[in-house]
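Below are the sequence and a predicted model for it; my questions follow.
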Amino acid sequence: MRAVVIGAGAVGVACAHYLLEEGFEVTLVDRGEVGRGCSYANAGLICPAHSEALPGPGIVAEGLRALLRRDGPFTIRPRAGVSVVPWLLRFWRHTPEPIYRRSTRALVALSRLSFELFEELVRTGVASFGYRRGPLLTASRAPHWRREAEAVVEEARALGFEARVLGRDELLGLEPALAPDHLGGYALEDQGSGDSYRYVRSVAEHARSRGAEVLERTPVRRVLVRAGRVVGVLAGDPPREIPADLVVLAAGAWSPALARDLGLRLPIQPATGYSVTVPAPEPAPRHPVIVGDSRVVILPLDGRIRFAGTLELAGFRREPDPVRQRAVVRAGLGALRERPELRGAEPWFGFCPLMPDDLPAIGWAPGIAGALVATGHGTLGFTQGPATGKLVAELAAGKPPSLDLSPFRPDRF
Ligand SMILES: Cc1cc2nc3c(=O)[nH]c(=O)nc-3n(C[C@H](O)[C@H](O)[C@H](O)COP(=O)(O)OP(=O)(O)OC[C@H]3O[C@@H](n4cnc5c(N)ncnc54)[C@H](O)[C@@H]3O)c2cc1C
């Protein structure tokens with residue numbers, strides 16, 4: 001059986017890996033370079049305990065005004081266009097508490113499965129990316145920090161995670177790189193982190209070494225369907241047919257256009273996130289830290305640190321918004337005791353594939369044999385890549401999936 005995987009990001013490479021494990025001949029196709037999409041310079045968290053759905057009572061409490069603030073953690077810009085209006089209505093319908101809880105349970109289950117698989121991928125040498133395990137800290141200067149910390153810790157414990165509230169001294173003891181004027185925070189214990197780009201490259205390289213064909217700079221123009229079944233893709237410049245018995249759509253934020261070839265409407269909005277990678281200061285952060293209200297992440301990498309965060313609905317922008325990029329840097333710098341060197345900083349922005357309920361689309365495209373969908377992972381695609389790849393391969397091989405896939409049905413909208 002020949003499989004074509006469209007998109008070589010965190011999700012696509014995992015699909016390629018697990019399809020090889022199931023005995024498929026695999027071609028992994030990307031219109032650019034492996035790992036250069038949204039999986040390039042993200043916040044690097046592998047965080048089952050921080051996998052809550054975005055639409056929820058919290059967003060409602062923040063209110064519409066917060067959503068329109070240009071430098072806020074989650075914002076909507078007019079340039080998102082009219083297509084964002086029906087998307088927002090659906091998003092809003094998913095904010096009531098019971099729906100939020102149901103979605104969060106589904107996301108946590110997917111992230112948990114991934115966490116186990118990451119361990120295995122690292123242990124067996126499939127992936128190498130500076131993987132670390134330890135606490136994910138949140139540091140706050142807000143006067144009401146304790147109330148918020150207690151609520152999050154309680155919710156995390158209810159989901160079966162170890163978590164604890166940290167007073168100022170405990171927080172600074174765990175993470176001496178933080179500025180001393182923090183008041184407190186909390187720790188979600190035993191989460192993972194690493195360099196997502198290195199992860200994607202290593203898994204793709206491993207797949208190549210096992211016989212997968214990896215085609216870069218090869219845009220897929222159409223998924224070819226004949227008599228109700230997938231027969232391949234039309235790809236490259238000039239376009240040529242790549243025959244396949246199975247096609248996996250894992251093209252991140254760019255998936256909706258190709259989904260139309262499968263008669264499927266995927267309501268994915270590209271949500272822009274920003275990051276800036278700089279040389280590590282001394283003392284360097286030891287653990288990933290979420291900076292209070294800004295929700296910017298400080299990620300320790302070897303010899304560098306990365307500030308990453310914010311979500312913005314503004315369509316596929318060509319240039320970054322300097323206001324938002326500055327807000328990320330300001331939040332990161334302000335949280336640290338020592339200022340890192342900014343010369344040589346690497347700014348980046350990427351497009352998270354965001355579904356209105358913040359759940360990915362994983363499963364068969366209905367009505368067309370041989371078409372699988374693996375996209376729409378929003379802000380959790382690095383975390384959930386391995387589980388998605390495993391589930392896709394199980395479906396492709398006709399095995400019962402390791403998780404209930406009904407919350408992730410691609411045609412649920
Ligand atoms: C600032 C920021 C911080 C984040 N932090 C985290 C985090 O800490 N933890 C976490 O889990 N997630 C995080 N995310 C989210 C995560 O990065 C994404 O969910 C994930 O990268 C999506 O992976 P993907 O493989 O679906 O998409 P991508 O990585 O975007 O890959 C899709 C690929 O498809 C290719 N493609 C598109 N169209 C075509 C076509 N027609 N033909 C061929 N190829 C095509 C693209 O070139 C691209 O390489 C963050 C995102 C951002 C922006």
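Cool, the structure landed.

In the stretch 51-200 of the chain, which residue sits closest to the ligand?
Ser196 (6.3 Å; Cβ to the nearest ligand atom). Where C-beta positions appear, they are placed from N, C-alpha and C, glycine not excepted.

Local confidence estimate at whichever residue of the stretch 251-400 of the chain sits closest to the ligand?
The nearest approach of the stretch 251-400 of the chain to the ligand comes at Gly381, 2.2 Å away (Cβ to the nearest ligand atom). Reported pLDDT at Gly381 in the predicted model: 98.

I'd like to know how far it sits from Ala43.
Applying Cβ to Cβ, to the nearest Å, the value for Gly381 to Ala43 is 11 Å.

Settle it for me: which of these two has more neighbours?
Gly381 (27 against 22; other Cβ atoms under 10 Å).

Pull the residues that contact the worst-scoring helix or strand of the chain on mean pLDDT.
When the helices and strands of the chain are scored by mean pLDDT, DSSP states H and E, helix 57-67 comes last with a mean of 79. Contacts to helix 57-67, defined as Cβ atoms under 8 Å, 6 or more residues apart in numbering, come from residues 72, 74-76, 95-97, 100.

which parts of it are buried?
Residues Ile59 are the ones in helix 57-67 that count as buried (16 or more other Cβ atoms under 10 Å).

what are the pairing partners of the next helix or strand along the chain from it, and which direction each?
Using DSSP states H and E, the next helix or strand after helix 57-67 towards the C-terminus is strand 74-76. Note on strand 74-76: by DSSP bridges, its sheet partners are strand 304-313 (parallel).

tell me the mean pLDDT for the strand it pairs with?
For strand 304-313, the mean pLDDT works out to 94.

can it be found next to the ligand?
Yes - Strand 304-313 is in contact with the ligand by Cβ under 6 Å from any ligand atom, via Ala308.

could you dump that strand to PDB, C-alpha only?
Backbone C-alpha positions of strand 304-313 (Å, rounded to 0.1, in the frame of the first residue of the first chain) are rendered in PDB as follows:
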ATOM      1  CA  ARG A 304      19.500  30.100  23.800                       C
ATOM      2  CA  ILE A 305      16.100  31.000  25.100                       C
ATOM      3  CA  ARG A 306      12.900  31.700  23.200                       C
ATOM      4  CA  PHE A 307      10.100  34.000  24.000                       C
ATOM      5  CA  ALA A 308       6.900  32.800  22.300                       C
ATOM      6  CA  GLY A 309       3.200  33.300  22.400                       C
ATOM      7  CA  THR A 310       0.100  35.400  21.600                       C
ATOM      8  CA  LEU A 311      -2.600  34.400  19.200                       C
ATOM      9  CA  GLU A 312      -4.000  36.700  16.500                       C
ATOM     10  CA  LEU A 313      -6.700  36.100  14.000                       C
END
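
Buried ones in that strand, by neighbour count?
Here strand 304-313 shows 304-313 as buried, counting by 16+ other Cβ under 10 Å.

what does the domain assignment say about the protein?
2-40+198-268+357-408, 52-93+132-191+269-354 (automatic domain parsing).

Most tightly packed of those domains?
domain 2-40+198-268+357-408 (a mean of 22; mean count of other Cβ atoms under 10 Å).

first vs last residue of that one, how far apart are they?
25 Å (Cα to Cα, to the nearest Å).

now that domain, how far from the centre of its chain.
The chain centroid and the centroid of domain 2-40+198-268+357-408 are separated by 15 Å under Cα atoms, centre = their mean, to the nearest Å.

per-residue pLDDT, the residue nearest to Ala106 when sequence neighbours are not counted?
Excluding the flanking residues, the one nearest Ala106 by Cβ to Cβ, 6 or more residues apart in numbering is Pro407, at 3.9 Å. Pro407 is assigned a pLDDT of 98 by the prediction.

How about Gly263?
Reported pLDDT at Gly263 in the predicted model: 95.

okay, the contacts of helix 57-67 in a markdown table with distance to Leu333 and pLDDT next?
Shown next, in a markdown table, are the contacts of helix 57-67 (distance: Cβ to Cβ, whole Å; pLDDT from 0 to 100):
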| residue | distance to Leu333 | pLDDT |
| --- | --- | --- |
| Gly72 | 18 | 80 |
| Phe74 | 21 | 86 |
| Thr75 | 21 | 88 |
| Ile76 | 26 | 88 |
| Thr95 | 33 | 94 |
| Pro96 | 38 | 96 |
| Glu97 | 36 | 96 |
| Tyr100 | 33 | 96 |
